[in-house]
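In: Build me a model:
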Amino acid sequence: MLRGERLFTLKPRLEPILPPPEMLPPIDLYLMEIEKQMKKLYRLLTQLAYEGKLVVFTKVVAGLEKLEAIKTFITLLFLAQRGEISLWQEEDFGEIFITLMGTPTIGE
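Out: Numbering: from 1, shown residues only. Predicted coordinates for the structure are as follows:
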């Protein structure tokens, strides 16, 4: 300690320091219910495959708003990561094909 310096203790702050609410992104209900979204999308994919249709991304998102199409793509990635589906393309930036893998487990 230097001469003339005084030691003092800080009282702990009891409330967290948070930025103003307008700076915090809202928690998206979609992400909170990702399991539910995965089941819903898997049922749709199963129905399309059962009807004998080639399951492609553009058919799955046809008529959806841009944000909903993005959410659907994210859900497809979750399903692929779990091994429920396989995603593939014949060329870069081409159509995304969706193949169901094995026996359905998520949509049951």
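
In: pLDDT below threshold where in this structure?
Out: 1-4, 13, 19, 21-27, 102-108 (pLDDT under 70).

In: tell me which element the spatially most central residue of it is part of?
Out: The centre of the chain sits closest to Ile74, judged by Cα atoms, centre = their mean, with a distance of 4.4 Å. Assessed by DSSP states H and E, Ile74 sits inside helix 66-81.

In: Can you classify Ile98 as helix, strand or coil?
Out: strand (DSSP: H, G, I helix; E, B strand; the rest coil).

In: how much space between it and Glu90?
Out: Distance of Ile98 to Glu90, computed by Cβ to Cβ, to the nearest Å: 13 Å. The way it works is simple: take the backbone N, C-alpha and C, and place the C-beta from them, glycine included.

In: ditto for Glu51
Out: For Glu51 relative to Glu90 (Cβ to Cβ), the value is 22 Å.

In: ok, now Leu54?
Out: From Leu54 to Glu90 the distance is 12 Å (Cβ to Cβ).

In: Beyond the strand or helix carrying Thr46, next helix or strand please.
Out: Here Thr46, judged by DSSP H and E, is contained in helix 34-50. Toward the C-terminal end, the helix or strand that comes next after helix 34-50 (DSSP H and E) is helix 57-60.
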